[in-house]
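Colleague: Structure for the following, please:
(one chain, ligands or ions: 1)
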Amino acid sequence: MALNLFTVGLNLLKKSSLSQGKRHFSSIGFVGLGNMGNYMANNLIKKGHKIVVYDVNRSALTNLVEAGAKEASSAAELSKNSQMVITMLPTNDHVWESYTGNDGLLSTAEKNTLFVDSSTIDPSVSQKVHQEATKKGAKFIDGPVSGGVVGARDGTLTFMVGGEKEQYDRAKPILEAMGTRIVHCGDVGMGQVAKLCNNMLLAISMIGVSEVVNLADRLGLDPKVMTSILNTSTGRCWSSEVYPPVPGIIDTVPSSNNYEGGFLTHLMTKDLGLAQAAATRSSTPIPLGSLAHQVYRMLMTHGHANRDFSIIYQYLKNCKV
Ligand code: NAD
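Modeller: Sure, this is the predicted structure:
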């Protein structure tokens, strides 16, 4: 009985936070319906939100239009018809152009329209877009995500949000349709800072695990045994335990599936480049981050751009004198 009352209460609470989101945002725009954005927009539809979509590649949004989304013919048209807009675009240049270009989002933005950029980009670009949005009376926050394509599909992303707390509060009920953790990191750009720092450490730890396991292998120790030793010793980390680069330890990770899918090397290289640029601008020493950037650039030149970033293990394994 008590449990039933609790469930009813919880459902009412969920409904009220959705209707609050709906009351504030009768229409939500979504720009950039690629690997991540498509699943994210689909989750908004599934949770009952009305959305308008735009992508330069029209074939990217066919499934969403079939599921009930409206298609806009340009970013400007989408912005005119949305009270909240989420963008999920590849790089700095795409984001800048999409917001500030001639037919861009800000050209038609209404006062108080809330823009959330979930792309992974340079924090300084987020801050510049925020300045441009402010000139129009619109609101802008950055909200990059972690959790990859699987998190986007399952609605379990983590959003790292930078911007005014009031705007974070406005966005939160909507972001909860796509993610399970919505973290306010600080001022605008701080979501990007959190994202870049995390990914830099991930690259360093993946290279580190691959390096030691390969050394152990060369010295005659089975790489699977070495990985299991790491996982009960002080060298243990996410790259050794949850996402090992050695094939055959965990069936579901990319290393056991020919390094297909997962987090692609070209995206990791992009994020390391962004971390490098931010570190240079702030005169911050990042010796291992810089080295990791060069290692991943090397992997790109060896044709591994579209393989999972744990392929570094195979690359080191194949380096022979
Ligand atoms: P993607 O290349 O699959 O999708 C980007 C989409 O944006 C494409 O459909 C493209 O046509 C569209 N686009 C490009 N320019 C546009 C413009 N001016 N107007 C409208 N649409 C435009 O990229 P993705 O994998 O979805 O990643 C998007 C962002 O999310 C990137 O910044 C990436 O670093 C970040 N991210 C990706 C992952 C991942 O695992 N894929 C995980 C976390 C974060």
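Colleague: Close to the ligand: what parts of this structure are there?
Modeller: For the chain, the contact set with the ligand under Cβ under 6 Å from any ligand atom comprises 31-37, 54-57, 60, 75, 88-90, 94, 97-98, 119-120, 145, 148-149, 263, 267. In this view, the C-beta of every residue, glycine as well, is placed from N, C-alpha and C.
Colleague: For the stretch 151-300 of the chain, give me the ranges with low pLDDT.
Modeller: For the stretch 151-300 of the chain, applying pLDDT under 70 flags no range at all.
Colleague: picking up where we left off before, out of the residues of the chain next to the ligand, name the ones that lie in strands.
Modeller: The strands, defined by DSSP state E, take in 31, 54, 145 from the residues of the chain next to the ligand.
Colleague: still on that earlier bit, so of the residues of the chain next to the ligand, which ones are in helices?
Modeller: 37, 75, 94, 97, 98, 148, 149, 267 (DSSP state H).
Colleague: wait, isn't residue 256 in contact with residue 247?
Modeller: Yes: counting by Cβ atoms under 8 Å, residue 256 touches residue 247, with 5.0 Å between them.
Colleague: between those two, who's got more neighbours?
Modeller: Taking other Cβ atoms under 10 Å, residue 256 and residue 247 do not tie; residue 247 has more neighbours (19 against 14).
Colleague: in stretch 246-256, what's buried?
Modeller: 246, 247, 249, 253, 254, 255 (16 or more other Cβ atoms under 10 Å).
Colleague: Assess the claim that residue 34 and residue 59 are in contact.
Modeller: No: the criterion here is Cβ under 8 Å, and residue 34 misses it with residue 59 at 11.1 Å.
Colleague: now the ones in strands among the residues of the chain next to the ligand as TSV including distance to residue 314 and pLDDT?
Modeller: Converted to TSV, these look like this (distance: Cβ to Cβ, whole Å; pLDDT from 0 to 100):
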residue	distance to residue 314	pLDDT
31	36	98
54	39	98
145	28	97
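Colleague: who wins for neighbours among these?
Modeller: residue 31 (30 neighbours).
Colleague: For that one, list the residues it contacts.
Modeller: 37, 53-55, 75, 78, 85-89, 98, 105 (Cβ atoms under 8 Å, 6 or more residues apart in numbering).
Colleague: which of the residues you listed tops the neighbour count?
Modeller: Top of the contacts of residue 31 by neighbour count (other Cβ under 10 Å): residue 105, with 32 neighbours.
Colleague: Quick one: residues contacting residue 245.
Modeller: Going by Cβ under 8 Å, 6+ apart, the list of residues near residue 245 reads 206, 209, 210, 213, 239, 255, 310, 311, 312, 313, 314.
Colleague: Identify the farthest-apart pair in those residues.
Modeller: 239 and 314 (14.6 Å; Cβ to Cβ).
Colleague: Compare those two (neighbour count), which wins?
Modeller: Of the pair residue 239 and residue 314, residue 239 is the one with more neighbours under other Cβ under 10 Å, namely 24 against 19.
Colleague: Only the buried residues of whichever helix or strand that one is part of, if you could.
Modeller: According to DSSP states H and E, residue 239 maps onto helix 238-241. Neighbour counts over helix 238-241 (16+ other Cβ under 10 Å) mark 239, 240, 241 as buried.
Colleague: ok, the closest residue in space to residue 268 that isn't next to it in sequence to residue 254 distance?
Modeller: Closest residue to residue 268 apart from its sequence neighbours, by Cβ to Cβ, 6 or more residues apart in numbering: residue 309 at 4.3 Å. Distance of residue 309 to residue 254, computed by Cβ to Cβ, to the nearest Å: 9 Å.
Colleague: Need the residues touching each of those two.
Modeller: residue 262.
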